[in-house]
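Peer 1: I would like the atomic coordinates for the input below:
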Amino acid sequence: MAGNGYHLYLHSLQADIRVHVTVRLWDTPPPPPADADGHTTVTLDSETGVLVINQFTLGPAGEITLPQPGVYEGTAWWSGRQASADYYTETLQQIDEPWEPEHLTQAWANCPTPERYVLDLARTGPSAEED
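Peer 2: Residues are numbered from 1 along each chain as shown. Next up is the predicted model:
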């Protein structure tokens, strides 16, 4: 996980299995759950009030409109990251002959442990551009 205030990067360890991203807004963000695989504090500065979820190689995956522009702080936490990567690697290692694309599509859809990222955020003030 990395960021620069305007961009937040969630790094999956695999490239093809669907990843779930949830953004939750709070007055005060809760702590990450005890069973989370990992977590980090985050600060995002959205001067437009729009949060875009982008994929490095495929472009935008979606966007949400925040209640208002500004600085949002909180926690990003994740689960299933390593388990999905392990499933991905094991599946690719089992391929001993050319598979049809639909076989891989089905294998990715059947990943037993979903990879999930959650952003728990609260607005803490105006955007730096608004100051």
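
Peer 1: mind listing the strands in this structure by residue range?
Peer 2: 2-3, 8-9, 19-25, 38-46, 50-55, 59-65, 70-79, 115-125 (DSSP state E).

Peer 1: How many neighbouring residues does Arg81 have?
Peer 2: 20 (other CB atoms under 10 Å). Every C-beta, even on glycine, is put in place using the N, C-alpha and C of the backbone.

Peer 1: re the thing from before, which of the strands of the chain sits most buried?
Peer 2: strand 70-79 (a mean of 21; mean count of other CB atoms under 10 Å).

Peer 1: From the contact counts, what lies against that strand?
Peer 2: Judged by 3 or more CB pairs under 8 Å, 6 or more residues apart in numbering; DSSP states H and E, strand 70-79 is in contact with strand 38-46, strand 115-125.

Peer 1: Enumerate the sheet neighbours of the last one, specifying parallel or antiparallel for every one.
Peer 2: Paired neighbours of strand 115-125 in the sheet (DSSP bridges): strand 19-25 (parallel), strand 70-79 (antiparallel).

Peer 1: and the angle from the first one to strand 50-55?
Peer 2: Same thing as strand 19-25. Relative orientation of strand 19-25 versus strand 50-55 (axes from the mean of the first three to the mean of the last three CA atoms, to 10 degrees): 170 degrees.

Peer 1: How much space separates the residue of the chain most remote from its centre from Asp16?
Peer 2: Here the centre of the chain is the reference, and by CA atoms, centre = their mean the most remote residue is Glu97, at 32.8 Å. As judged by CB to CB, to the nearest Å, Glu97 and Asp16 stand 19 Å apart.
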